[in-house]
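**Student:** here are the coordinates; sequence isn't available:
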């Protein structure tokens, strides 16, 4: 059965944008594998993303978003179980290749579930007061990536990518953030996102 998409409430748009960065993490893991990047390099970036971005994201959802439906809700139970599973995977002691593969696969599935199903139900059930609290607590700040080791980028493209990123940031600032919606980003040099100049 097709799930009819709904327009994301402004108060939840920033949290949804964090999901986009989570999907990019999955893509970076896949790209690292396809390029034969040493697993230790990939895991170092993955650990940074988990500590810096994913843990605070999970805490926001669990403390302020999931209670809108209640922890006894079946969708919330599923999301909480997935959070617990992902925490174990990031801290796992399995072989690196297996851990990274499972993180890439299960994180993407989790994000798709939240965006396509859970967040829609939360948005439909939330009061204006609850949405306002989320909007105040969630700091919709610019995503600052860890560029110490951009293993997912072709080296010959890195200088060009920096120019594209600076141009994107200027356009974003000039349009007061309107282009943050990834469905309405200006197509720079024929591409639709910052990550267009990277290996597929």
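**Tutor:** Nice, thanks for sending it over. None of these values were measured; they are calculated from a predicted model.
**Student:** got the domain boundaries for this protein?
**Tutor:** 1-141, 153-200 (automatic domain parsing).
**Student:** among those domains, which is nearest residue 147?
**Tutor:** domain 153-200 (9.1 Å; CB to CB). Placement of C-beta: from N, CA and C, glycine included.
**Student:** related to what we said a few turns ago, can you tell me which of the domains of the chain is packed in deepest?
**Tutor:** domain 1-141 (a mean of 16; mean count of other CB atoms under 10 Å).
**Student:** Off-centre distance for it?
**Tutor:** 6 Å (CA atoms, centre = their mean, to the nearest Å).
**Student:** now it: mean pLDDT?
**Tutor:** The pLDDT scores in domain 1-141 average 93.
**Student:** circling back to that earlier point, got a markdown table for the domains of the chain, with distance to residue 147 too?
**Tutor:** Formatted as a markdown table, those follow (distance: least, CB to CB, whole Å):
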| stretch | distance to residue 147 |
| --- | --- |
| domain 1-141 | 10 |
| domain 153-200 | 9 |
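**Student:** which residue ranges form the helices in the protein?
**Tutor:** 10-34, 39-49, 55-60, 66-69, 74-90, 96-113, 119-125, 128-137, 158-174 (DSSP state H).
**Student:** Make JSON lines from these and add distance to residue 150 to it.
**Tutor:** Listed next are the helices of the chain as JSON lines, based on distance: least, CB to CB, whole Å:
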{"stretch": "helix 10-34", "distance to residue 150": "9"}
{"stretch": "helix 39-49", "distance to residue 150": "9"}
{"stretch": "helix 55-60", "distance to residue 150": "22"}
{"stretch": "helix 66-69", "distance to residue 150": "34"}
{"stretch": "helix 74-90", "distance to residue 150": "21"}
{"stretch": "helix 96-113", "distance to residue 150": "17"}
{"stretch": "helix 119-125", "distance to residue 150": "30"}
{"stretch": "helix 128-137", "distance to residue 150": "31"}
{"stretch": "helix 158-174", "distance to residue 150": "7"}
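**Student:** Minimum distance to residue 146: which of the ones you listed has it?
**Tutor:** Comparing the helices of the chain by CB to CB, helix 39-49 comes nearest, at 4.9 Å.
**Student:** neighbouring contacts of the closest one?
**Tutor:** 25, 28-29, 32-33, 90, 96-97, 99-100, 103, 146, 149, 151 (CB atoms under 8 Å, 6 or more residues apart in numbering).
**Student:** from these, which is closest to residue 16?
**Tutor:** Relative to residue 16, and with distances defined as CB to CB, the nearest of the contacts of helix 39-49 is residue 25, at 15.2 Å.
**Student:** Distance check, the nearest residue to the closest one once chain neighbours are set aside against residue 34.
**Tutor:** Nearest residue to residue 25, sequence neighbours excluded (CB to CB, 6 or more residues apart in numbering): residue 49, at 5.3 Å. Going from residue 49 to residue 34 by CB to CB, to the nearest Å gives 19 Å.
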